[in-house]
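>>> Predicted model, plus sequence, below.
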Amino acid sequence: MSKDMTVRIGGESGEGVITAGEVLALASARLGLHVHTYRTYPAEMRGGPAIFQVRLGDQPVLSQGDIADVLLAFNTEAYHNNRGDVRPNGVLIYDADALKPADDGFIYYGLPLTTIATRQLGYSRGKNIVAVGALAAILGLPQSALETVVGEKLGRKNEQIARKNVAALIAGFDYVHTNFSRTDRLGITSSNIGGHLLLDRVEGRGLSALGTPLAERVEAGDPRGQLLLSGNQAIALGALAAGCKFFAGYPITPATDIMELLAAELPRFGGNVVQTEDEIAALSAAIGASYAGVKAMTATSGPGLSLMSELINLASTAEIPVVIVDSQRAGPSTGMPTKTEQSDLNHMLYGGHGEAPRIVIAPTSVEDAFYKIVTAFNLAERYQMPVIVAMDQSLSLRTQTIPRPQTDDIRIVAREVPDLRQAVEYKRYALTTSGVSARAIPSEVGGLHVATGLEHDEYGHPSYDPYVHRSMVAKRYQKLAEAGEEFREVHRFGAAAPNIGVVGWGSTEGAAREAVTLAQAKGIAVAGLYPSALSPLPEEEITSFARSLRALIVVEANYTGQFAGLLRAKYGLDSIHLNRFDGLPFTAEDIFRKIKEVADNG
Amino acid sequence: MSKDMTVRIGGESGEGVITAGEVLALASARLGLHVHTYRTYPAEMRGGPAIFQVRLGDQPVLSQGDIADVLLAFNTEAYHNNRGDVRPNGVLIYDADALKPADDGFIYYGLPLTTIATRQLGYSRGKNIVAVGALAAILGLPQSALETVVGEKLGRKNEQIARKNVAALIAGFDYVHTNFSRTDRLGITSSNIGGHLLLDRVEGRGLSALGTPLAERVEAGDPRGQLLLSGNQAIALGALAAGCKFFAGYPITPATDIMELLAAELPRFGGNVVQTEDEIAALSAAIGASYAGVKAMTATSGPGLSLMSELINLASTAEIPVVIVDSQRAGPSTGMPTKTEQSDLNHMLYGGHGEAPRIVIAPTSVEDAFYKIVTAFNLAERYQMPVIVAMDQSLSLRTQTIPRPQTDDIRIVAREVPDLRQAVEYKRYALTTSGVSARAIPSEVGGLHVATGLEHDEYGHPSYDPYVHRSMVAKRYQKLAEAGEEFREVHRFGAAAPNIGVVGWGSTEGAAREAVTLAQAKGIAVAGLYPSALSPLPEEEITSFARSLRALIVVEANYTGQFAGLLRAKYGLDSIHLNRFDGLPFTAEDIFRKIKEVADNG
Amino acid sequence: MAEAEMVTRRSPLEYKSDLKPVWCAGCGAYGALASLYRALANIEVRPENLVIVSGIGCTSRLPGFVKAYGFHTVHGRSLPIATGVKVANPALTVLAVGGDGDGLAIGGGHFPHAARRNVDITYVMLDNSVYGQTKGQSSPTSLPDAETKTTPYGAVESALNPMAMALAYDVSFIAQGYVGNAQQLTDIIQQAMRHKGFSFVHALSPCVTFNDSYQYLQSRVFDIPQDHDVHDKIKAFQLALITDRLPLGVFYVDNRPTFEEELEAVRQKALSRGKASIDSLLDHFA
Amino acid sequence: MAEAEMVTRRSPLEYKSDLKPVWCAGCGAYGALASLYRALANIEVRPENLVIVSGIGCTSRLPGFVKAYGFHTVHGRSLPIATGVKVANPALTVLAVGGDGDGLAIGGGHFPHAARRNVDITYVMLDNSVYGQTKGQSSPTSLPDAETKTTPYGAVESALNPMAMALAYDVSFIAQGYVGNAQQLTDIIQQAMRHKGFSFVHALSPCVTFNDSYQYLQSRVFDIPQDHDVHDKIKAFQLALITDRLPLGVFYVDNRPTFEEELEAVRQKALSRGKASIDSLLDHFA
Ligand SMILES: Cc1ncc(C[n+]2csc(CCOP(=O)(O)OP(=O)(O)O)c2C)c(N)n1
Ligand SMILES: Cc1ncc(C[n+]2csc(CCOP(=O)(O)OP(=O)(O)O)c2C)c(N)n1
Ligand code: SF4
Ligand code: SF4
Ligand SMILES: [Mg+2]
Ligand SMILES: [Mg+2]
């Protein structure tokens, strides 16, 4: 059984909450621990409360954690906002200069963070790093690992700042080692600090159930064998690995940093990034680039996807491959840009007038995002149609450790090249059994044609003939069917012979996996199924999974149950809907509770 | 049983096919006959073949007719293109100067149309009116009725032209009376010409089954009691009747003439029409006008609706009433602008990111369009949300006779006015049981607020609070549920205790009604159900209809069966899909055949 | 007499809403808001007759901070929405506000059309040459070589010239202000709001967090010479083409009928063909 | 020598596709197409290296009638799509064509951005001051008072001035032609295509069916005087402001790096920080 621990850092934006969390996360990852981070954003430009949560484990960490084992609070507001989310008997580390906690029954570590930073170090902004040092000391993380991270990341442009930060880190470590050399309720002494804080999630939730010593874990693992990436970083890197050479986009939360990373890196790979005047132009430019023979993509969030509707359908009709990442946020309209939701599904599937087939792929984790964006490019290329990759705020911005990808193993699909010597006349939209017609690229002799969004015959000439329209509609859907034959990946987990099934899509898989594991441990015969493609759906895999079930639970972060509706429309599957629509990601506990309820009522 | 007759006029665009058809249709309508017209458009700007089909009946005519009883052909191409659509033993009237028909077994009336127009009248462009005169004479329509129409409509700006056209008409009449004073296979003599040409649709399809003499019908009816309108005209007039005072739009086939009619008329009603720079601006302006307190609408087709996605969701979230007409055309992308399809349903229901409730109403006939646009304004006003009115090319551009609306009886819903004296603080988005919050309009003292597409609390202040978002999402959907309680209209027709059901939406109802009547006459227990609203669907009405059926046929003009999918997603209803996706409207025959097939296999 | 006229009868404070602005400390938007409060007080518009329409962006949050009717819409659509508001009720005073991205990128297609309609609204663009809300990407007015999050190697596009564009669009009142010159900006906004027709105020406004241009702007702004003829479009265009310095004041004024007046004329023309009633209209189709 | 250079080595007929144009007899688009064939022959572009991108409208049907690669896209999006084509493969010769509605109404937001990028494409706008395809509604360049299907009482908006707009956008090659002056239009298109950077050809082109402006145009066009300095933007703006007559010829030329060149420079800068490989990039996240 896996062991893990959730550390939450809370403060005012500007106090360095995020930086502190990132240092902790990266150092832990390098030590070979598995990491999953989660953060919230202040709603206002002028700041507000921020939290950063790091969950560490000896096995892959699949969700952000239901409840904090350790809280690091920088100020009174942070303490009050977050104390309710800390487990009974949890650990509270706090700035004793800033707040005086009531006795909630936590294990208390008060440190004069402000004093240390200001008086001792003369570096008031370093409070967060002092705190990281203290936290690491209490958790038993080796000082050297933290030092390297702080040195590398917190003074890239200014060596003096790097030195100050390292000093702050050491001061934090020192303070703990000097002042907490006692045996407290945790059984921690200066000699055994750390090493015991990974908690056994399954067998018991009290701090008494201690896990694998960290040192063991660190020695066993290959510290450099994993990466710490956000979902958006995985998308950007995966796109590079897939051979993407053109990105056009318009900034929008929470998709923007895909463009930002590619703006720095794509030129080095011989590609181009164009920041366009809006999302319509972004998808237009990507379609143009793809028409001209280059793998192209854009990334946006809901409002941008809405604006792209007409262009998605152009790509579908003119049969131009293009990849569109939708990092969903809480809608509708401008909604809550920094909150998560899975409410764009219907638009991804059906958005835009008329019937324009497109592939929709839903990565379920950071690692999956890296590989699925490659799949997206491959399917786009092979089936010459738009592929939408369904991300959401929670997946885009969480970071997770992933095994380092073996880039040599990544398979890239090349374009089907028309044989232009043979053909007397090149038919760009030739009717074939697969629906796929070989695509000539500008500069190829003999491949002249006009791609068009008007209905057209095999040559691409506009035609309003009833028979032509019928054939071409069917041709375009035939490609979708073929894609469904080729790509039928599902993630199945849990009991081999379940009577309760959990089906969902995208970012909730991690929480669902944890919930299924918990429920199985309680003797419930439950299994989960997450299809990788939402269009075309893998019919056989889904229906055969559902067939044996007594109850099917569909998990999704929206109000109307869009995926549940899809399953019913497609396969007549009735389901119990488990929906969350408050802008926050599902927890394992949410899903576990539902499974238990269904099992109990069974 | 009803009697009717279908007359098709075929020629080259530029030969006056449309004008000829319109004259025939209007004169017939004024005579108290029921009329339904259908036309095709040349695909190219420089012209091409055109047809205009007029179906006349002694009862309301519900569809364009499966097959022509009479063909008037202006040239060889028109003859060849259309002869296959004429019934065996049908009537062929043709320009003997232009073509020489083979003997297909029709009843032939060759007239030297070109010679009459050119030599006799010195008015070569009048050929089409000569033909109308001849046609009317053969059908037995009174000359005076035709003369009035030609005089009124074909020389409004030029009296000389009016006179020429009247002369052409008379020449056509005269030629028939002079040259066909014989008893031919139709039993027509100069004395009994006309009066017998309405065919009995049900009992037999041969010309031997002759119907009510026209003269009787004309005397019985109130010739001025009906109007001849296109679907788009009905929308424009209905909008005026509903109190619409603002229209913004961007030209697009087949919706443009709604704007064109309103551009001429709305100013006379104290309103404004703004032709905007695109569809995004059109819906924006309509939303702005509505925010400022004026009933507002736009009209577009699929590509425009795609572009409006983001704005639809703004209206839904900021709770601004607005009416959007979507005159669907064959898609996807630019598709076939002059052809019909019902393929925007999913986009109307779900288009746009996030979950933004909207009402979708589907008028089923020209008459229904007039009243349903009023309903649309009323529901928009009452529930403060976008209402999409689902038209399509076939309904927008067909003309039909409708009983003259009694405008005094039209019920208009007024805005729910906030009581601003009472409230200490006005809550624009107050949480109420119905979900509806009273809406203050700029210039009202005490109603100051900021409407917004961001998630917001009851005051309209931006809020990302999980509880607030949950409540506001539910509030917006509560309004949709309330609308569903209020407006649950369905059109039910056919057998009282059916075992086969036909369900569809929008423009296909006429054909479905005819098909059901035909099938009932063959002893099949079949009934039809057309809900007026597609969102929210009238659950009880649909499920109770479906409950008793052995088989449910869902009729729609698209490829993927969008409405069938909706019925299955919502109510788990399995159905037999009857889809047409070639750009042409359903015929009664299409649907009848399916009913029969299902009955036979039963 | 002149003294008496300068007395402000309404106080700028009357226009302050209960909501505390969300902007970073030092943001140029605070200055713009202050100038707006004063201008509103000076022209004495009643809060319930004022509608402020905005798009999305830091600066587009402004309507929330003014005691008036407001409509915080979606990104880039403030102008067409404001047009709808004004046409629906010409008695309202209508302001549109937003950022450079909102108005020149995603919303750039609407600007020429608001201008050619000459709808009587005032459009205040708070230009910080960056996307503030989304945390620092380049904008249409970012200078070439600007290093931003999306242009890590420097921007390669040339900056748009909003003043030249407004002139080409035939905007009927065109002025440039700077949030650092509060008095002048107040005055410009006031003039713009008094102008009958579409007025454009280009307000230079630093984003302290992502493009702190106070120094840059401060060292380049200058007042347009007194003798500038505001009716001379060529001269105004010459001003607009100055790139090393930034002229402040009114560039151009043209007095022509507003959209609402023109639409009223249309209405009169239409009515002259006979009074409207649904029933008489239905007669045409009988 | 001069003679020899004038010999056309490719024939305009080589660029004629098998598809017969769909336009009404007499449509201005025929003239534009003829001039385009000649210009293409003169610059001797190989058909397979030529891409013509268009939006939707009568004039946007043009790519179908040229033997070349073509992309007949959706309404208003020819410029951003053409930008993608050119950036993806700078070796291609890229033309964008379309109508006044396509380019100034629905697509109007893209024009300034294509200009500021100075992407090396040629944009030929066939301006007939009407929406031909949808059968005669007013367009952004319809004259005030124009009676069209959507303005039965006369248009009330002022017409946009595409030449002034192009100048304000800093388009680097700006010219106006008239389909009635075939030779000159050919010449202008040729120059525009030879220009490195974004070039704009405003081609006045009557719609015989809905706005037969041959007489109107014929009586107003005149050639820009020989001594016009094409590098003087103010002078060019003065030309653009002439409204009673219509100057034909090249208004303005500016030579500056193209978008593709700038992007290449970015690439070099980026590469100077070390050669790229996925694996070394992954190291940053270890
Ligand atoms: C359709 C859409 N695309 C993108 C965004 C994301 N977005 C919000 S504000 C903004 C730009 C802000 O820049 P600007 O208009 O200059 O305003 P500022 O924040 O600088 O005041 C963007 C791209 C959005 N809200 N909607
Ligand atoms: C999104 C969208 N809106 C509207 C239309 C309908 N439409 C087709 S062409 C056109 C305008 C044509 O005008 P212009 O661009 O001037 O071209 P012209 O036909 O005059 O050559 C319009 C409005 C469309 N195809 N797509
Ligand atoms: S990010 Fe910039 S524009 Fe936005 S509030 Fe802060 S300083 Fe102002
Ligand atoms: S309608 Fe006008 S623009 Fe279109 S083809 Fe005919 S003449 Fe040309
Ligand atoms: Mg900005
Ligand atoms: Mg045009």
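Received it, and whenever you're ready, just let me know what you need. Residues are numbered from 1 along each chain as shown, chains lettered A, B, ... in the order given. Ligands and ions are numbered 1, 2, ... in the order given.

>>> switch to C-alpha atoms for all contacts and neighbour counts from now on
Fine.

>>> hang on, C:His202 is in a strand, isn't it?
Yes - C:His202 forms part of a strand when assessed by DSSP: H, G, I helix; E, B strand; the rest coil.

>>> who's in contact with it?
Contacts for C:His202 (C-alpha atoms under 8 Å, 6 or more residues apart in numbering or on different chains) come out as C:124-127, C:162-163, C:174-177.

>>> will you turn the residues you listed into JSON lines that also has neighbour count, pLDDT and distance to ligand 3?
JSON lines is the format used below for those (neighbours: other C-alpha atoms under 10 Å in any protein chain shown; pLDDT from 0 to 100; distance: C-alpha to the nearest ligand atom, whole Å):
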{"residue": "C:Val124", "neighbour count": "25", "pLDDT": "98", "distance to ligand 3": "15"}
{"residue": "C:Met125", "neighbour count": "28", "pLDDT": "98", "distance to ligand 3": "12"}
{"residue": "C:Leu126", "neighbour count": "29", "pLDDT": "98", "distance to ligand 3": "9"}
{"residue": "C:Asp127", "neighbour count": "29", "pLDDT": "98", "distance to ligand 3": "9"}
{"residue": "C:Pro162", "neighbour count": "24", "pLDDT": "98", "distance to ligand 3": "18"}
{"residue": "C:Met163", "neighbour count": "24", "pLDDT": "98", "distance to ligand 3": "21"}
{"residue": "C:Ile174", "neighbour count": "27", "pLDDT": "98", "distance to ligand 3": "23"}
{"residue": "C:Ala175", "neighbour count": "25", "pLDDT": "98", "distance to ligand 3": "21"}
{"residue": "C:Gln176", "neighbour count": "26", "pLDDT": "98", "distance to ligand 3": "18"}
{"residue": "C:Gly177", "neighbour count": "30", "pLDDT": "98", "distance to ligand 3": "17"}
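
>>> Narrow those residues to those in helices?
Cross-referencing these against helices under DSSP state H gives C:162-163.

>>> quick one: contacts of the helix or strand harbouring A:Gln160?
Under the criterion of DSSP states H and E, A:Gln160 resides in helix A:159-179. Under the criterion C-alpha under 8 Å, 6+ apart, residues A:111, A:116-117, A:121, A:123, A:126-127, A:129-138, A:143, A:146-147, A:150-152, A:154-156, A:190 lie in contact with helix A:159-179.

>>> same check, this time on stretch A:109-128
A:15-17, A:19-20, A:91-98, A:130-131, A:164-165, A:167-168, A:171, A:175.

>>> Swap in 7 Å and give it another go.
With C-alpha atoms under 7 Å, 6 or more residues apart in numbering or on different chains as the test, stretch A:109-128 has contacts from A:15-17, A:20, A:92-97, A:130-131, A:165, A:168.

>>> among the helices and strands of chain A, which has the poorest mean pLDDT?
In chain A, the helix or strand scored least confidently by mean pLDDT, DSSP states H and E is strand A:199-200, which has a mean of 40.

>>> Which members of the contacts of stretch A:109-128 define the maximum pairwise distance?
A:Leu92 and A:Asn165 (23.3 Å; C-alpha to C-alpha).

>>> Quick one: residues contacting C:Gly28.
Going by C-alpha under 7 Å, 6+ apart, C:Gly28 touches C:179, C:205-207.

>>> From these, list the buried ones, please.
Buried members of these, counted by 16 or more other C-alpha atoms under 10 Å in any protein chain shown: C:179, C:205-207.

>>> can you redo these as CSV with pLDDT, distance to D:Gln215 and secondary structure?
Converted to CSV, these look like this (pLDDT from 0 to 100; distance: C-alpha to C-alpha, whole Å; DSSP: H, G, I helix; E, B strand; the rest coil):
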residue, pLDDT, distance to D:Gln215, secondary structure
C:Val179, 98, 52, coil
C:Ser205, 98, 50, coil
C:Pro206, 98, 52, coil
C:Cys207, 98, 54, strand
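
>>> okay, these in JSON lines with distance to ligand 1 next?
Below are the buried ones among the contacts of C:Gly28 laid out as JSON lines (distance: C-alpha to the nearest ligand atom, whole Å):
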{"residue": "C:Val179", "distance to ligand 1": "14"}
{"residue": "C:Ser205", "distance to ligand 1": "9"}
{"residue": "C:Pro206", "distance to ligand 1": "9"}
{"residue": "C:Cys207", "distance to ligand 1": "7"}
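
>>> Of the residues you listed, which are in range of chain D?
For chain D, no contacts are drawn from those by C-alpha under 7 Å from any C-alpha of the partner chain.

>>> Which helix or which strand is home to the residue nearest the centre of chain A?
In chain A, the centroid-proximal residue (C-alpha atoms, centre = their mean) is A:Leu395; its distance is 2.3 Å. Counting by DSSP H and E, the element that carries A:Leu395 is helix A:393-397.

>>> Indicate each strand paired with the next helix or strand after that helix and its parallel or antiparallel sense.
Sequence order places strand A:399-403 as the next helix or strand after helix A:393-397, per DSSP H and E. Note on strand A:399-403: by DSSP bridges, its sheet partners are strand A:34-39 (antiparallel), strand A:226-230 (antiparallel).

>>> Across the sheet, point out what pairs with the residue in chain A that ligand 6 sits nearest to.
Using C-alpha to the ion, A:Leu454 is the residue of chain A that sits closest to ligand 6, at 18.8 Å. Going by DSSP bridges, A:Leu454 is paired in beta bridges with B:Gly335.

>>> Tell me the spacing between the residue of chain A found nearest ligand 3 and chain D.
Nearest to ligand 3, among the residues of chain A, is A:Met45, at 5.2 Å (C-alpha to the nearest ligand atom). Separation of A:Met45 from chain D (C-alpha to the nearest C-alpha, to the nearest Å) stands at 28 Å.

>>> isn't that residue right next to C:Trp23, touching?
Yes - using C-alpha atoms under 7 Å, A:Met45 makes contact with C:Trp23 at a distance of 5.2 Å.

>>> can you give me the helices in chain C?
Using DSSP H, the helices of chain C run over C:2-6, C:28-43, C:78-88, C:100, C:111-117, C:162-168, C:182-194, C:214-218, C:233-241, C:259-272, C:278-283.
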